[in-house]
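# Provided below are the primary sequence and the corresponding predicted coordinates.
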Amino acid sequence: MRRFTGSFATIILCFIFSIVPFKSYPEKLTVIYTGNSHASLYPCGHCPASVGGGIARRAHVIDEIRSSDKNVIILDGGNLVAGGSFDEASENSKNDMTRSDFYLSTLASIGYDALGVGEAEINFGTGFLEEKIKKYNLNFVSSNVDIKGVLPYYIKEFKAAPASKAAKAPSLRVAVVGLSPLEAYKHAEVKAEDYETALQKTIVALKGKADFIILLSALGDAETSQLAKKISGIQLVITSGPDLGGSPENRINDTLILKSSYMAKQLGVVELNIEGGKINDWKSKTRRLSLDIPEAQKIKNMMPACFADSDCPNKEGLVSSCQKPAELSSACAYFEATKIEAIVITATGCPFCSTSATEQLLKSGFLGINFRVIDYKDKEAQELIKKYAITTLPAFILPAKIKEEKNFQGIEKFVSPKQGSFLVRRELSGMFLFLGRKEAKGKIDFFLNMHDKEAASLYGDLLDFAKKKKVLLDIHFILPLDEKSEIPKEEVKMALAVKKLYPAKYFEYLRERLQTIDSIYWIEIMEKLGIDYKKVSQLAKSNDAQDLFNDNMKLTQELGVTDGGVLLINNTMVFKLLKLEEEDLNKFFQ
C-alpha cells in the first residue's frame with residue numbers, strides 16, 4: 001500500500017482546516033446590570049448630585065453603551081418591584097403598585113433582556129407579576145419557582161461576521177438562569193425547588209444550547225457564594241437580595257460574582273473577555289448616574305413627574321411640592337422656604353462636640369431653618385437650660401411654628417413639646433454632655449463590648465493613654481444585643497474575677513484577652529501573667545461573681561449605653577470612640 005509522505009499529509013490537513021473553520025464567537029461581551037432597584041424611577045432625593053440616579057438617566061447611559069459596544073446584554077438581578085422594608089421610596093400599597101407598573105413599562109422600553117425574580121416580585125401577589133409579564137412582554141427568569149410566564153432560562157445569541165460567504169456565522173449563545181428565595185416563595189404558597197437541584201437540572205437542560213451561563217441570584221451573598229463553590233458551569237452571577245453591603249465583585253473558582261447598586265444609584269457595567277466559554281479577563285466600567293448626565297426624554301414622557309415631594313429636583317432655597325402625585329399629569333411646584341429660627345446649645349470649645357449631622361438632617365427637611373449656636377456657659381444658655389429643664393447637650397430648641405410645616409410629621413416622634421417650643425430628643429440630637437452630673441476630673445469610664453471588632457485596638461490605645469497621662473480608667477462591660485448564649489456574660493465574669501483577685505494585673509489581662517477573644521485561651525494568658533486560673537475560675541462561677549457583674553453594669557444601665565466603644569470623660573462628657581486621637585483627648589486633661 002502506498003504511504004503519504006509527511007509533507008503531503010500537512011498539505012491535506014491545511015486544506016481541510018481552510019474549508020472547515022473552527023467554532024468561534026465574539027471574544028467580548030458587555031453586561032449591563034442592576035438589582036435591588038425597587039422601582040427606582042427618580043434620582044436619590046437626599047443624596048449629593050454626584051450620586052443622582054433615576055431611570056431616565058439610566059436609559060441615556062444604556063443607549064450610549066449600546067451605540068459603542070457591539071455585544072451587549074442588559075440584566076436585572078431581581079427585587080425590582082416597589083414596596084417592602086428595603087424600598088426607601090415606599091408610601092402605600094396603591095402608590096407602590098402604580099410606581100411598579102410605570103417602572104416595568106420603562107424597563108420594557110429600554111429593552112432589558114432578562115430580569116431576576118426576588119422576594120419583592122411577590123409584594124403584591126403572584127397575580128400582579130403574571131399580569132405585568134404579559135402586559136409588557138418581559139423575560140422574568142427563575143429556575144426554581146413555578147409562576148405563570150416566568151421562564152426557567154433565557155438565551156440570547158450574538159453572531160459575528162462569517163469568515164466567508166460560504167461559511168456559517170460563528171456565535172456566542174448566552175443563557176440567563178435565575179434563583180429565587182425559597183422560604184419567601186414557599187410562604188406565598190408558590191411551588192419552589194431547592195437551589196442546587198434546580199440549578200443542576202437547568203445547566204443540564206442547557207447543554208448544547210448555550211456557550212456561557214449567567215445566574216441572576218436573589219438569594220443574598222452567603223447562599224450565592226456557597227452555590228458558586230459547589231456548582232460548576234456558571235460563569236457570571238448578578239446578585240440582589242438582603243445583603244446591601246460587602247464587596248461589589250468577588251471571584252469564586254471560575255465564577256465572577258457582581259453585586260448590584262442599591263436603588264440603582266449606579267449602573268453596573270462589566271466588559272468580559274471570554275475564551276473557551278469561560279471568563280479570561282474582565283474590566284468593571286460601572287457608571288455613576290450623576291445629575292449632570294442627560295435624561296432620555298422618551299422615558300421621562302412615559303412616567304409621572306413625581307410621586308412625592310422628594311422626587312422633585314432640588315432648587316436652592318426653594319421647597320418642592322408634588323402636584324397630582326402618581327399621575328402622568330403630575331408636576332413639581334416650588335415655593336420659598338419658611339424661615340425657621342432654631343437655637344443650638346452646645347459646648348463650643350469641645351473638640352468632639354459636633355452638631356453638624358443633626359443640623360444637616362433638619363436642614364434637609366426644612367430648607368429655611370437657621371441655627372443660632374450658643375455655648376452652654378453663656379448667660380442666655382443658662383437661662384434656657386433652666387427654663388426647659390435641659391439635662392444633656394446638645395440641645396436643639398425649635399419654634400412652635402415648625403409644626404405647620406409639611407415635613408414636620410417626619411420628625412414629630414423625635415421632638416417633645418415644652419414651654420411653647422419643641423426640644424429635639426436624644427435619638428436625633430445625639431448626646432455628649434451630662435449637665436447634672438458631678439464632675440470627676442482625670443477620669444475615663446470606658447464601655448467595652450469585648451466582642452467588637454475594634455475592641456482590642458481601642459482598648460490598647462486608651463490604656464496606653466491613661467498610663468501616660470496618669471488618668472484613672474474604669475471599664476464597664478457591654479453584652480452583645482444579638483448574643484443568645486451565655487458565653488459573653490461568662491467572659492465578663494471571668495474578667496471581673498481577675499479584677500477582684502488580681503487588681504494590679506487586671507488591665508493587662510484584658511489587653512491580652514482581647515487579642516484572642518474568639519479562642520479559649522484563659523489558662524495560657526493567666527499563666528503568662530502569673531494569675532491562678534483555678535482560683536479565678538472558682539470565683540467566676542460563684543454567686544459573688546453575679547454581684548460583681550451587677551455592680552459593673554450599674555453605670556451602663558444608668559446612662560442607657562448599649563454600644564461598646566463609648567467614653568464617659570470626667571463623669572460629664574460622653575462620646576463614641578471610633579479611633580483614639582491623642583491630641584484631641586489631651587484637651588480634656590490639661
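Looks like it came in fine. Residues are numbered from 1 along each chain as shown.

# pLDDT at Ser24, what is it?
Each residue has a pLDDT score; the one for Ser24 is 47.

# contacts only, for Tyr42.
Listed by Cβ atoms under 8 Å, 6 or more residues apart in numbering, the contact set of Tyr42 reads Gly53, Gly54, Ile55, Ala89, Cys306, Phe307, Asp311. C-beta: built from backbone N, CA, C; applies to glycine.

# please report phi then psi for it.
phi -120, psi 160 (degrees, to the nearest 10).

# same question for Ile340.
The phi/psi pair for Ile340 (degrees, to the nearest 10) is phi -130, psi 120.

# again with Val61
phi -70, psi -40.

# ok, it - how many residues close by?
Per other Cβ atoms under 10 Å, the neighbour tally for Val61 reads 18.

# what about the contacts of Tyr42, which are in helices?
Counted as lying in helices by DSSP state H, out of the contacts of Tyr42, are Ile55.

# and the contacts of Tyr42, which is closest to Arg173?
Of all the contacts of Tyr42, Arg173 sits closest to Ile55, with 29.4 Å by Cβ to Cβ.

# quick one: neighbours of the closest one, just the number.
Residues within reach of Ile55, counting by other Cβ under 10 Å, total 28.

# Asn95 too?
Counted with other Cβ under 10 Å, residues neighbouring Asn95 total 17.

# and what of Ser105?
Quick note: Ser105 (other Cβ under 10 Å) scores 17 neighbours.

# wait, it sits on Leu138?
No. Ser105 lies out of contact with Leu138 (Cβ atoms under 8 Å); the separation is 9.6 Å.

# any chance of the contacts of Tyr42 in TSV, plus pLDDT and distance to Phe434?
Below are the contacts of Tyr42 laid out as TSV (pLDDT from 0 to 100; distance: Cβ to Cβ, whole Å):
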residue	pLDDT	distance to Phe434
Gly53	89	42
Gly54	94	45
Ile55	97	49
Ala89	90	39
Cys306	95	45
Phe307	96	44
Asp311	92	42
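
# most neighbours, which of the contacts of Tyr42?
Of all the contacts of Tyr42, the highest neighbour tally under other Cβ under 10 Å goes to Ile55, namely 28 neighbours.

# apart from its neighbours in sequence, what residue is nearest Asp194?
In space, and not counting its chain neighbours, Asp194 is closest to Leu182: 6.6 Å by Cβ to Cβ, 6 or more residues apart in numbering.

# the one you found touches Tyr195, doesn't it?
Yes. If you go by Cβ under 8 Å, Leu182 and Tyr195 touch, sitting 6.9 Å apart.

# higher neighbour count, the two?
Taking neighbours as other Cβ under 10 Å, Leu182 and Tyr195 compare with Tyr195 leading, 22 against 18.

# for that one, give me phi and psi.
According to degrees, to the nearest 10, Tyr195 has phi -60, psi -50.

# neighbours around the residue nearest to it when sequence neighbours are not counted, how many?
Leaving out its chain neighbours, the residue that sits closest to Tyr195 by Cβ to Cβ, 6+ apart is Leu179, at 5.5 Å. Other residues near Leu179 come to 31 when the count uses other Cβ under 10 Å.

# quick one: what helix or strand has the residue lying closest to Gly233 once chain neighbours are set aside in it?
Residue nearest to Gly233 in three dimensions, not counting chain neighbours: Ile203, with 4.6 Å by Cβ to Cβ, 6+ apart. According to DSSP states H and E, Ile203 maps onto helix 195-205.

# and that helix, what's its mean pLDDT?
96.

# pull out the buried positions in it.
For helix 195-205, burial by neighbour count (16 or more other Cβ atoms under 10 Å) applies to Tyr195, Ala198, Leu199, Thr202, Ile203.

# out of those residues, which is nearest to Thr556?
Ranked by distance to Thr556 (Cβ to Cβ), those are led by Tyr195 at 43.3 Å.

# Val492: which element?
helix 487-501.

# tell me which other helices or strands whatever helix or strand comes next after that helix touches.
The helix or strand immediately downstream of helix 487-501 is helix 506-515, counting by DSSP H and E. The helices and strands touching helix 506-515, judged by 3 or more Cβ pairs under 8 Å, 6 or more residues apart in numbering; DSSP states H and E, are helix 455-469, helix 487-501, helix 522-529.

# how about helix 506-515: buried residues?
Neighbour counts over helix 506-515 (16+ other Cβ under 10 Å) mark Tyr506, Phe507, Glu508, Tyr509, Leu510, Arg511, Glu512, Arg513, Leu514 as buried.

# pull the CA atoms of that helix into PDB?
C-alpha atoms of helix 506-515 as PDB (Å, rounded to 0.1, in the frame of the first residue of the first chain):
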ATOM      1  CA  TYR A 506      -6.500  43.300  85.500                       C
ATOM      2  CA  PHE A 507      -5.800  45.800  82.800                       C
ATOM      3  CA  GLU A 508      -3.000  43.800  81.200                       C
ATOM      4  CA  TYR A 509      -5.200  40.700  81.400                       C
ATOM      5  CA  LEU A 510      -7.900  42.500  79.400                       C
ATOM      6  CA  ARG A 511      -5.300  43.600  76.800                       C
ATOM      7  CA  GLU A 512      -4.100  40.100  76.300                       C
ATOM      8  CA  ARG A 513      -7.600  38.500  76.300                       C
ATOM      9  CA  LEU A 514      -9.000  40.900  73.800                       C
ATOM     10  CA  GLN A 515      -6.300  39.900  71.300                       C
END
